[in-house]
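1. sequence first, then the predicted structure:
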Amino acid sequence: MKIGIIGLGYWGPNMVRNFLMNHNVVSAVCCDLNPKRLESIKQKFPTLETVTDYKAILNNPSVDAVAIVTPVSTHFKLAKEALEAGKHVLVEKPMTDSVRDAQVLIGIATQKKLTLMVDHTFIYTGAVRKIKELVQSGELGDIFYFDSVRINLGLFQHDINVLWDLAPHDISIMDFVVARKPESVSMVGARHFNNVEDMAYLTVNFANNLIAHFHVNWLSPVKVRRILIGGSKKMIVYDDMDPSEKVKVYNKGVEIQSEEMIHNVLVQYRMGDMYAPNLDQTEALSLLCSDFIESIMKGKKPLSDGVAGLNVVKLLEAGQRSLKNGGALVKIE
C-alpha cells in the first residue's frame with residue numbers, strides 16, 4: 001500500500017514515521033506548502049516522495065490512502081476531494097468544523113465503500129483501552145460522572161478556540177468509554193487574547209443522571225491532563241502526565257443504609273484499596289495507523305470511524321452554540 005500524507009506541521013512527521021514502520025506500507029508521498037518542512041522530512045526518510053501540491057497525491061493512481069494533517073478549516077475540502085478521488089481517508093481531529101460537513105464525508109465514504117477514519121489517537125492508548133475494559137466489565141458499576149481537565153500555557157491557535165483545539169481528545173475518550181448518546185450540552189468560556197476563547201467549561205448531560213464535564217484552558221501555569229470517572233462501585237483517575245501509573249482504580253465510594261423512615265437514611269463512605277493496572281505500552285499512533293490499514297485491507301470498521309468523528313463534532317458544535325447564547329442548554333439531535 002502507498003500512503004499520501006498532506007501536512008507536515010507538528011503531527012504530520014509522526015504520521016509519516018508510523019506509516020513507514022508498518023510492514024503493509026511500501027512507500028509514502030508527503031505534501032506541504034513549506035519547502036523547509038519537505039526538506040526536513042526528506043532528511044529523516046530519504047526514500048520519501050515530496051510534493052507541494054496536494055492534488056499531485058490525489059491524482060496519483062498508485063496512492064491508495066491519504067492522511068490529512070492540516071488545520072481543521074481545511075479538513076472538509078481536502079477529505080471530500082480525496083474521497084471523490086477514490087482514496088481512503090484518515091483525517092486529523094476534529095474531523096470537520098461542522099456537523100453538516102462531517103455527515104457529507106460519511107455519506108461519500110459510504111457510497112464509495114471507502115474507509116473514513118479520524119485521528120482520535122488517545123482511544124488507542126493502553127490507558128484508555130484498559131479504562132474501557134474496566135467499564136465494560138462492570139467493575140466500576142453504574143457510571144455517575146466523567147470529569148476531564150486538559151490545561152496548559154498555550155499553544156494558542158488562530159483559527160479555532162480552546163474548545164475545538166483541546167476538547168476533542170477527551171470528548172473522543174468519553175465517547176469511546178461511556179458509549180452512550182448525550183442528551184444536551186451547555187458551555188461557558190472567556191476571551192483574553194486573539195479574539196477567541198482561551199478557556200472554556202463544557203458540560204454534557206446524559207440520561208439517568210450521568211454527567212460529563214470538560215475544563216480546557218490555554219492560560220494555566222501548569223500542564224494537567226487528568227480524567228476522573230466515578231462509578232457506583234469504584235472510581236478511576238487517569239493522569240496522562242504520570243510516567244509510571246497513568247491509571248489508578250480506587251475502591252472508594254458512597255453506600256446508603258436506609259431505615260424505615262426516609263429521614264433516617266444513613267450515608268457511609270467506603271475507603272478501600274487502590275491499584276494501578278498494567279498497561280500496554282505500544283505507541284498509540286502506531287496502533288491507529290495499523291487499524292487504518294487493516295480496515296482498508298479487510299473492509300472492517302475502524303475503532304475511530306467517521307461516526308466517532310461525527311459524535312465529537314456534534315458536541316463541539318452544540319457547545320459553541322451554547323456559548324453564543326450565554327451558556328444556554330442545547331439539545332443534541
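-> Arrived safely.

2. please identify the helix or strand for Asp165.
-> Applying DSSP states H and E as the criterion places Asp165 in helix 162-178.

3. how about stretch 190-201 as PDB, C-alpha atoms only?
-> What follows is stretch 190-201, C-alpha atoms only, in PDB (Å, rounded to 0.1, in the frame of the first residue of the first chain):
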ATOM      1  CA  ALA A 190     -13.900  33.700  28.100                       C
ATOM      2  CA  ARG A 191     -11.700  35.500  25.600                       C
ATOM      3  CA  HIS A 192      -8.500  37.300  26.700                       C
ATOM      4  CA  PHE A 193      -6.200  37.100  23.600                       C
ATOM      5  CA  ASN A 194      -6.600  36.800  19.800                       C
ATOM      6  CA  ASN A 195     -10.400  37.200  20.000                       C
ATOM      7  CA  VAL A 196     -11.100  33.500  20.500                       C
ATOM      8  CA  GLU A 197     -12.000  31.700  23.700                       C
ATOM      9  CA  ASP A 198      -8.800  30.700  25.600                       C
ATOM     10  CA  MET A 199     -10.600  29.000  28.400                       C
ATOM     11  CA  ALA A 200     -13.900  27.100  28.500                       C
ATOM     12  CA  TYR A 201     -16.100  24.800  30.600                       C
END
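
4. buried residues, that stretch. List them.
-> For stretch 190-201, the buried set under the neighbour-count rule, 16 or more other Cβ atoms under 10 Å, comprises 196-201. Just so you know, the C-beta spots here come from the backbone N, C-alpha and C atoms, and that holds for glycine as well.

5. next, the angle helix 162-178 makes with the lengthiest helix in the chain.
-> Counting by DSSP state H, the longest helix found in the chain is helix 306-324. If you take axes from the mean of the first three to the mean of the last three Cα atoms, to 10 degrees, helix 306-324 sits at 130 degrees to helix 162-178.

6. right, and the helix or strand after helix 306-324?
-> strand 330-331.

7. give me the sheet partners of that next one and which way each runs.
-> Using DSSP bridges, strand 330-331 pairs in its sheet with strand 184-193 (antiparallel).

8. contacts for the partner strand, please.
-> Residues outside strand 184-193 that contact it (Cβ atoms under 8 Å, 6 or more residues apart in numbering): 156, 161-163, 197-205, 219, 315, 318-320, 322-323, 326-332.

9. just stretch 141-156 next, same as before
-> With Cβ under 8 Å, 6+ apart as the criterion, stretch 141-156 contacts 135, 166-167, 169-170, 173-174, 177-178, 193-194, 198, 208-234.

10. buried residues in stretch 313-330?
-> Buried residues in stretch 313-330 (16+ other Cβ under 10 Å): 313-320, 322-323, 330.

11. and what of stretch 35-52?
-> 37-38, 41, 48-51.

12. now, which of these lie within strands?
-> When those are checked against strands (DSSP state E), the matches are 49-51.

13. I'd like those laid out as a markdown table, including pLDDT.
-> Formatted as a markdown table, those follow (pLDDT from 0 to 100):
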| residue | pLDDT |
| --- | --- |
| Glu49 | 95 |
| Thr50 | 96 |
| Val51 | 97 |
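
14. could I get these in JSON lines, plus columns for distance to Ser148?
-> Shown next, in JSON lines, are those (distance: Cβ to Cβ, whole Å):
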{"residue": "Glu49", "distance to Ser148": "40"}
{"residue": "Thr50", "distance to Ser148": "38"}
{"residue": "Val51", "distance to Ser148": "39"}
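
15. mind listing what's buried in stretch 290-298?
-> Quick answer for stretch 290-298 (16+ other Cβ under 10 Å): 290-293, 295-296.

16. sorry, slip of the keys, the one I care about is stretch 238-252.
-> 238-240, 246-247, 249-250.

17. other residues contacting that stretch?
-> Against stretch 238-252 from outside (Cβ under 8 Å, 6+ apart): 127-128, 130-131, 134, 139, 223-229, 233-237, 269-277, 279.

18. pLDDT below threshold where in the stretch 101-250 of the chain?
-> For the stretch 101-250 of the chain, applying pLDDT under 70 flags no range at all.

19. what about the strands in it?
-> Under the criterion DSSP state E, counting those that start in this stretch, the stretch 101-250 of the chain contains strands at 116-119, 143-153, 184-193, 196-205, 211-217, 219-231, 235-239, 247-257.

20. these two touch, right, Leu166 and His215?
-> No - using Cβ atoms under 8 Å, Leu166 makes no contact with His215, being 9.5 Å away.

21. same drill for the two, tell me which one is more crowded.
-> Leu166 (24 against 19; other Cβ atoms under 10 Å).

22. need the contact list for that one.
-> Shown in contact with Leu166 (Cβ under 8 Å, 6+ apart): 150, 216, 218.
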